[in-house]
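Enquirer: Okay, predicted coordinates and the sequence, questions at the end:
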Amino acid sequence: MNANWPEGPAIAGPTCAKAWRYDRWFELRLFLNATTPPCPPTNPFKSALAAGQPQIGLWLSMADAYLAEVAAAAGFDWLLIDGEHAPDDLRSTLAALQAVAAYPSHPVVRVPQGDTALIKQVLDIGAKSLLVPMVDTAGQARAVAAATQYPPQGVRGVGSAVARSSLWTGRADYMDIADDEICLLVQAETVTAMQNLPDICAVDGVHGVFIGPADLSASMGHRSDPAHPEVQAAIDKATRHHRGQRQGGRRSSRPTLRWPSTTCSAAATFVAVGVDVLVFANAARQLRARFGVDASVRHWACPPRKMPPAGPTDRTCPLQRTIVRHRVDYY
């Protein structure tokens, strides 16, 4: 029991005293919340996309908060924290969000899949912009959009009192503005998704469609070749046609997005120009090559020397018999 709380004169018994003190604390909290100035919805990334302003960003696949802050200090418009193909989990995503919070770069979180419970957790730790992969139909897009909205518009679970997103009730009007702060981007990565792109773009709550060339190229029969003319033609057609199409009798403000690119397409507003792990890997190889050494990637178990051919008495580890080289073309 806290002696600093005054006891009510008409209340007797320890249970009643506790109840009285709790009521006074609750009234005080309501008073503080009532006197806190309302905070308008803030998502500059969402506003920039709606205004058609090109947003240049970097993919974060290192799964390291320290390097996320380094990338934020470089001044990109946005940074994508990748939870699909990078080894990120909820806690590492939280650490990355905290690391970049002091910088103008806007964090976008890619979840592994459109799971309602996972989306709820990612939003609660403070993400305002989400990228959801492998959305092939309008029905899938509607389900994902519902996961980002509180009832009655959606199905997002209410737990803002203990969430970073509301500053732990520090934002008194969070429940009133939360839905408007969310920016939902979905990925069209298959032939089926490209065919359903008009219907996906028409879903309320979807603010952008991101066309991923790696999976799309595989779906089109050109695996590991996202630069294939057919793949690029399909992406260009989608970005130019669907960005300004009319849907439901009104002009759509939902941009179509693309990646990778070294230049800004006239029809794309959300452009990724690199991946942190590949920026480092390529720079490290180039640095090594400057000193006259072959910078090809070798397996850790492969020494840089020619191995004898395998034979009945050869006891060399199989990994040591073959020098593994590869060239990274994935973006």
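Expert: Yes, it's here. Residues are numbered from 1 along each chain as shown.
Enquirer: residues making contact with the helix or strand containing Leu94?
Expert: Using DSSP states H and E, Leu94 sits within helix 90-100. With contact meaning CB atoms under 8 Å, 6 or more residues apart in numbering, helix 90-100 is reached by 60, 63-66, 68-69, 71-72, 79, 81, 83, 88, 107, 109, 121-122, 125-127, 164. Any C-beta I mention is one placed from the backbone N, CA and C, and that applies to glycine too.
Enquirer: buried stuff in that helix?
Expert: For helix 90-100, burial by neighbour count (16 or more other CB atoms under 10 Å) applies to Ser92, Thr93, Leu94, Ala95, Ala96, Leu97, Gln98, Ala99, Val100.
Enquirer: Kindly present the residues you listed as a markdown table, with separate columns for pLDDT.
Expert: Output for the buried residues of helix 90-100, formatted as a markdown table (pLDDT from 0 to 100):
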| residue | pLDDT |
| --- | --- |
| Ser92 | 98 |
| Thr93 | 98 |
| Leu94 | 98 |
| Ala95 | 98 |
| Ala96 | 98 |
| Leu97 | 98 |
| Gln98 | 98 |
| Ala99 | 98 |
| Val100 | 98 |
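Enquirer: C-terminal to the helix holding Leu94, which secondary structure element comes first?
Expert: Next along the chain from helix 90-100, counting by DSSP H and E, comes strand 106-110.
Enquirer: mind listing what that next one pairs with, with the direction of each?
Expert: Using DSSP bridges, the strands paired with strand 106-110 are strand 78-82 (parallel), strand 129-132 (parallel).
Enquirer: which residues of the stretch 151-300 of the chain fall in helices?
Expert: Remark: helices assigned in the stretch 151-300 of the chain by DSSP state H, counting those that start in this stretch are 174-181, 191-195, 197-201, 213-219, 229-242, 276-289.
Enquirer: Of all these, which one comes closest to Ala50?
Expert: Closest approach to Ala50 among the helices of the stretch 151-300 of the chain is made by helix 174-181 (11.8 Å; CB to CB).
Enquirer: Tell me the buried residues in the closest one?
Expert: Tyr174, Ala178, Glu181.
Enquirer: Surely Ala234 and Leu216 touch.
Expert: Yes: using CB atoms under 8 Å, Ala234 is in contact with Leu216, at 7.1 Å.
Enquirer: more crowded one of these two?
Expert: Leu216 (23 against 18; other CB atoms under 10 Å).
Enquirer: what's the closest non-adjacent residue to the more buried one?
Expert: The shortest distance from Leu216 to any non-neighbouring residue, by CB to CB, 6 or more residues apart in numbering, is to Glu189 (5.3 Å).
Enquirer: and the one you found, what is it in contact with?
Expert: Counting by CB under 8 Å, 6+ apart, Glu189 touches Pro133, Met134, Ile211, Gly212, Ala214, Asp215, Leu216, Ser219.
Enquirer: The second one - how many residues pack around it?
Expert: Burial measure for Met134: 17 neighbouring residues, criterion other CB under 10 Å.
Enquirer: try the last one
Expert: Other residues within reach of Ser219 by the criterion other CB under 10 Å amount to 18.
Enquirer: tell me which residues in stretch 213-223 are buried?
Expert: For stretch 213-223, using 16+ other CB under 10 Å, the buried residues are Pro213, Ala214, Asp215, Leu216, Ser217, Ala218, Ser219, Met220, His222.
Enquirer: got CSV for these, with distance to Pro54 and pLDDT too?
Expert: Conversion of these to CSV gives the following (distance: CB to CB, whole Å; pLDDT from 0 to 100):
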residue, distance to Pro54, pLDDT
Pro213, 18, 89
Ala214, 22, 91
Asp215, 24, 95
Leu216, 22, 96
Ser217, 24, 95
Ala218, 28, 96
Ser219, 27, 97
Met220, 26, 97
His222, 27, 96
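Enquirer: ok, so of the residues you listed, who is nearest Ile200?
Expert: Nearest to Ile200 among those is Leu216, at 14.0 Å by CB to CB.
Enquirer: Would you confirm that the closest one contacts Ala233?
Expert: No: in this structure Leu216 lies outside contact range of Ala233 using CB under 8 Å: 11.5 Å.
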